[in-house]
Structures are given as C-alpha cells and as structure tokens.
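[1] Make a model of this:
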Amino acid sequence: MRRRSALAATTLAFAGTAMGQAAPQRLRIGFAVGYAPFSEIGTDGQLKGFEIDVAQALSTRLALPYTPVILEFDGLIPALQSRKIDAIMASMSITPERQQVIAFSSPYYFSPARMVMRGDTRTDVTPAGMKSKRVGVERGTIHERFLAEQFGGIQLVRYATQDQAFLDLKSGRLDATLVDAVIAQFGFLNHADGRGFGFVGPDFARDQRYYGKGIGVGLRKAEAGTLGQRIDEALAALRSNGTLKTLNDRYFSFDLVTPPR
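    The predicted structure follows:
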C-alpha cells in the first residue's frame, strides 16, 4: 500500500512537465517502476536502480537535465507518441515489431527471458508441456506476444505490473510467469516470497524474432537522427570509459552490458 501511494504521488508530481519541441531543454524519460534493481521507488520515496543511474549518466554526458515520468509499461509507447515523454528507459527490448512504431538507441544492456515456477515442478517447458497451464505476464511486454503466439494452448493471464503476477504465482493462482531473468531474480526469487520457486526451461530471449537485439532507449522516429544520435554517442562514451560497467557492477554480480558475441 505504501508503494502504491508513493507511486501515485510521484506520478502526479512528475506529470505535465513543460516540453521543448525541436531542442528540449529538459529530457522527459518514461520509466515503469517496481522492477528491482532496474527502477523502483525506495523507502524514502526516491527513484533508484540501474536504469535510473544509467539515465543520470546519460543526462550528465549529454549536458541535458532530465525529468522522470512514471507510467505503466503498456502506456510508455503511447506517451512517447503523444509527446508526453521524450524517451523510454524501461527494459524495453529492441524488436522489429516495436521498430515499426518507434526508434531505439543502441543497446545499453542485454537480459535473458525465463519462466519462473515452483522449484519442484517437473513440467516440460514447451508448448505441449505447458498446455492448459495458467501463465502470467505483464501486459504490453514482448513476453506477452511471445506466449500468445508460441504457447497458444496455455491460459494466458495478463497483469498491469509484474509484481502482481509474482503475487498470484506465490498464492497458487498461476502455474508460471515469463519475465526478464534479472527482474525475477532480484524482484522475487531473492526474497522470502520467492522461496520454493526457481527458473525452469530455456532462455527464450535467444529468439531474436521476438526479443530483438537487446534493451535500448525508446525514441520517436522523427528524432532518431538528432536526439537518437546524441544518445548513441553518449552510450558509446559511457561504454568505452567504463561507466556502464561500473554501474553494472554496482547492482549485478554478472555482466549485462557487454554485447554478446
């Protein structure tokens, strides 16, 4: 309840920021919070996490202040298109489908996608093995499309946030949830609620038809060659000077920022 109240208050505080048109004086970045350690609201009411720190590093490199705007994940692209925000940093995969409607920066991290189930599960994590299982997914994510198209026999249950899916998984209302592995590890499995649960099955993010080539900053197509180019240059500098690796090591014991070979 406290987290929801903080989220509502923060959203109201950050909404409605004045916007620059061709050359914004302040970048409004859309986040979807509740995904430790990427973006969440701390007990002090402040935003924190890996993506928050990357956004701050980008802002500093660009010499362009930024304002966070908190939205549900499936509201981010509409908000970008309607010019309520200028960029998206919410663990959004660069996929051909999304590239039809928005542009992306180069990737700033890479993440596997795994199914989470009870640790004693002996289910074959295939379309046939998961038939009739209740599988939760955050609405508007690439996980939702992947399951809808590749696991047609399941009972697909859609949620506004991944935290809601974790709650139903713990209570037994779900058999599984498909989620970014890092979000599952830090937001569920490492906590008391996640005891008795674990990863089952393969890394589905290897299917680039759905999961694309990594996680990038979402941008309007019209600004891909202006703001997008500046962000790409800034990300390249943050990678080469070790800033991205330093931020990675602040949160993770494994490497998410080095491009896979």
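[2] now the strands for the stretch 1-150 of the chain?
    27-31, 40-41, 47-48, 66-70, 87-88, 103-104, 113-118, 134-138 (DSSP state E, counting those that start in this stretch).
[3] how about TSV for these, with mean pLDDT, distance to His191 and mean neighbour count added?
    Just so you know, the C-beta spots here come from the backbone N, C-alpha and C atoms, and that holds for glycine as well. Output for the strands of the stretch 1-150 of the chain, formatted as TSV (pLDDT from 0 to 100; distance: least, Cβ to Cβ, whole Å; neighbours: other Cβ atoms under 10 Å):
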stretch	mean pLDDT	distance to His191	mean neighbour count
strand 27-31	97	21	23
strand 40-41	92	13	21
strand 47-48	96	17	18
strand 66-70	96	22	20
strand 87-88	98	27	26
strand 103-104	98	32	22
strand 113-118	95	13	23
strand 134-138	97	17	23
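[4] For Tyr159, find the nearest of those strands.
    strand 134-138 (5.7 Å; Cβ to Cβ).
[5] list the contacts for Val135?
    Counting by Cβ atoms under 8 Å, 6 or more residues apart in numbering, Val135 touches 115, 147, 151, 154-157, 174-178.
[6] where does the protein dip in pLDDT?
    By pLDDT under 70, the weakly predicted segments of the chain are 1-24, 261.
[7] which stretch among the strands of the stretch 1-150 of the chain comes nearest Ala57?
    strand 66-70 (10.7 Å).
[8] in its sheet, what does the closest one sit against?
    strand 27-31 (parallel) (DSSP bridges).
[9] Using CSV, write out every CA atom in the strand it pairs with.
    Below are the C-alpha coordinates for strand 27-31, written out as CSV (Å, rounded to 0.1, in the frame of the first residue of the first chain):
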residue,chain,number,x,y,z
LEU,A,27,14.6,15.4,-21.3
ARG,A,28,11.5,13.7,-20.0
ILE,A,29,12.3,10.0,-19.6
GLY,A,30,9.5,7.4,-19.1
PHE,A,31,10.1,4.6,-16.5
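[10] Run a quick neighbour tally on the nearest residue to Ala237 once chain neighbours are set aside.
    In this structure, Ala237 finds its nearest non-sequential neighbour in Arg61, 6.0 Å apart by Cβ to Cβ, 6 or more residues apart in numbering. Close neighbours of Arg61, defined as other Cβ atoms under 10 Å, add up to 18.
[11] Same question for Val200.
    18.
[12] That one pairs with what?
    Where Val200 sits in a bridge, its partners, by DSSP bridges, are Met115.
[13] contacting residues for it?
    114-117, 121, 123, 125, 176.
[14] switch the cut-off to 10 Å
    114-119, 121-125, 130, 176 (Cβ atoms under 10 Å, 6 or more residues apart in numbering).
[15] and if you look at Ala192?
    Neighbours of Ala192 in contact, by Cβ under 10 Å, 6+ apart: Lys170.
[16] Asp168 now?
    Contacts of Asp168 (Cβ under 10 Å, 6+ apart): 134, 136, 157, 159, 174, 177.
[17] and the helix or strand hosting it with strand 134-138, angle?
    For Asp168, the element it lies in under DSSP states H and E is helix 162-171. With axes from the mean of the first three to the mean of the last three Cα atoms, to 10 degrees as the basis, helix 162-171 and strand 134-138 are set at 160 degrees to each other.
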